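Chemist: all I have is the shape, not the residue letters:
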């Protein structure tokens, strides 16, 4: 037997042994048989269209935990994910994020934020950002009063992305030194304000192309509303930057990947909200009734405060339902130690666990049989146990907003804008294009031409 034949035989034996070793790692966990031998099957399936739907089908067949590869598991239970994150199941997994959330693709609940997760109340620096969006909101309201008919989807996309860019330049959502800015930034703030008013404000954007052509503008990158001064700080368009009020410890802040994704997810929910409300007038009427009632009894200010917004339970339900249907999220963690238990199965070290928002957000056992329908009442009618399961199943909020104060700022400030628009205007849907869902099952809200009629004079 020649050397070549021996080498081929040895290679074949090693390949078989490697395949057997792979299969033995997660052989007790259900899943497609071919997935236990090699990662090739998982890679092929992942690269096909509608991966989320395919993954949902696998979970319906095999259960809560599905083997997708020799070292790869998919989890379809939000309660399990919460336990893994806090090490309850025997390990402290290392976070490894996959940035699959599109830019145009989360919600803060009054219950969770006031009781279970009062994150921003115990976090430094968050209250000082309350109201940071108010100057831009006033200009948006004035623009709506003036033009009366707008493409609401494109207008809100420009508004939300501009606001996120403002926070990015200010340092809340961007890596920057935590040093106080010098006196020069005061003058920079003045020039930034002038630049914002003349070039980048929502009013100016709407003036440039009144409503209908904003769909084209919305696909272009939006410049930040403030001008960064590099490592020494940033000048905010509203004058003194909130970051200047933070303690100076010389440390460098690095934003969490999930915090950034949470901010964009909050913007996506804000942009998609009016599509669902305008297509379901009864839900819009109920939400407006809640806002009007709260304003009438004095529990809602002219410019609402965060604590006041947390009392609007139906608004919370509407936002959560919108996020469930419109925000895409996928994440992976790697078990750092042996013995991590997932749904009764022992998982070895370096096994990757993943969860997909399509699997969790469209789980009929968690959200009911009508999972593809927009029905905010499901959040209000569920019992305590079911509500808890729904909260944990809303994975894009739990992973990207709940524990990230930076994303909470974006969420609460945009939530305020929704309330103000509904307080100030009656709306009439004039024309709606069809929504699009791409090969990755990402929802994109369509163009909506909306007529606005002022309800309350002044701002």
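Modeler: That came through fine. No experiment lies behind these values; they were computed from the predicted model shown. Residues are numbered from 1 along each chain as shown.
Chemist: confirm for me that residue 358 is in contact with residue 57.
Modeler: No: the criterion here is CB atoms under 8 Å, and residue 358 misses it with residue 57 at 10.8 Å. For the C-beta atoms, the positions are set from N, CA and C on the backbone; glycine is no exception.
Chemist: ok, those two, which is more surrounded?
Modeler: residue 358 (20 against 12; other CB atoms under 10 Å).
Chemist: what's the burial count for the closest residue to the more buried one other than its chain neighbours?
Modeler: Nearest non-adjacent residue to residue 358, counting by CB to CB, 6 or more residues apart in numbering: residue 52, 2.7 Å away. For residue 52, the count of nearby residues is 19 (other CB under 10 Å).
Chemist: which SSE is residue 52 in?
Modeler: helix 51-62 (DSSP states H and E).
Chemist: please apply the same query to residue 283.
Modeler: helix 281-296.
Chemist: low-confidence bits of this protein, can you list those?
Modeler: 1, 6, 13-27, 82-125, 171, 173-255, 337-339, 439-440, 456-459 (pLDDT under 70).
Chemist: measure residue 386 to residue 377 for me?
Modeler: 13 Å (CB to CB, to the nearest Å).
Chemist: how about residue 4?
Modeler: In terms of CB to CB, residue 4 sits 71 Å off from residue 377.
Chemist: between those two, who's got more neighbours?
Modeler: Neighbours were counted for residue 4 and for residue 377 using other CB under 10 Å; residue 377 has more, 13 against 8.
Chemist: tell me the contacts of that one?
Modeler: residue 317 (CB atoms under 8 Å, 6 or more residues apart in numbering).
Chemist: got the phi and psi for it?
Modeler: Dihedral angles of residue 377 (phi, psi; degrees, to the nearest 10) stand at phi -60, psi -20.
Chemist: next: residue 342.
Modeler: The phi/psi pair for residue 342 (degrees, to the nearest 10) reads phi -120, psi 110.
Chemist: is it in a bridge, and if so with what?
Modeler: Bridge pairing for residue 342 (DSSP bridges) gives the partners residue 345.
Chemist: before we move on, the earlier item: which SSE is immediately downstream of the helix holding residue 283?
Modeler: helix 306-309.
Chemist: for residue 357, which non-adjacent residue is closest in space?
Modeler: Nearest non-adjacent residue to residue 357 (CB to CB, 6+ apart): residue 329, at 4.1 Å.
Chemist: for the one you found, give me its contacts.
Modeler: 100, 101, 261, 265, 356, 357, 395, 396, 399, 400.
Chemist: for the residues you listed, give me a markdown table that also has neighbour count.
Modeler: A markdown table is the format used below for the contacts of residue 329 (neighbours: other CB atoms under 10 Å):
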| residue | neighbour count |
| --- | --- |
| 100 | 16 |
| 101 | 26 |
| 261 | 26 |
| 265 | 30 |
| 356 | 24 |
| 357 | 26 |
| 395 | 24 |
| 396 | 29 |
| 399 | 25 |
| 400 | 29 |
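Chemist: inside strands: which ones of those?
Modeler: Mapping the contacts of residue 329 onto strands (DSSP state E) picks out residue 356.
Chemist: so which of the contacts of residue 329 belong to helices?
Modeler: 261, 265, 357, 395, 396, 399, 400 (DSSP state H).
Chemist: please name the residues that touch the last one.
Modeler: So that's residue 400. Per CB under 8 Å, 6+ apart, neighbours of residue 400: 106, 258, 259, 261, 262, 265, 329, 407.
Chemist: reformat those residues as JSON lines; add distance to residue 281.
Modeler: Output for these, formatted as JSON lines (distance: CB to CB, whole Å):
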{"residue": "106", "distance to residue 281": "25"}
{"residue": "258", "distance to residue 281": "35"}
{"residue": "259", "distance to residue 281": "35"}
{"residue": "261", "distance to residue 281": "32"}
{"residue": "262", "distance to residue 281": "30"}
{"residue": "265", "distance to residue 281": "26"}
{"residue": "329", "distance to residue 281": "29"}
{"residue": "407", "distance to residue 281": "31"}
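Chemist: between those residues, which is closest to residue 442?
Modeler: residue 329 (10.5 Å; CB to CB).
Chemist: the closest one and residue 78: what is the separation?
Modeler: 12 Å.
Chemist: can you check residue 358 too?
Modeler: 13 Å.
Chemist: sec struct for residue 431, please.
Modeler: Going by DSSP: H, G, I helix; E, B strand; the rest coil, the secondary structure assigned to residue 431 is strand.
Chemist: now the residue nearest to residue 305 when sequence neighbours are not counted: how far from residue 408?
Modeler: Closest residue to residue 305 apart from its sequence neighbours, by CB to CB, 6+ apart: residue 130 at 7.1 Å. Computed as CB to CB, the residue 130 to residue 408 distance reads 10 Å.
Chemist: higher neighbour count, those two?
Modeler: Neighbour count, other CB under 10 Å: between residue 130 and residue 408, residue 408 has more, with 26 against 17.
Chemist: going along the chain, name the strands of the stretch 51-200 of the chain.
Modeler: For the stretch 51-200 of the chain, the strands defined by DSSP state E, counting those that start in this stretch cover 65-69, 72-75, 94-97, 149-151, 176-177.
Chemist: so what's the residue nearest to residue 305 up against?
Modeler: Applying CB under 8 Å, 6+ apart to residue 130 gives the contacts 305, 306, 409, 412, 413.
Chemist: farthest-separated two in the residues you listed?
Modeler: Maximum distance among those (CB to CB): 13.7 Å, for 305 and 409.
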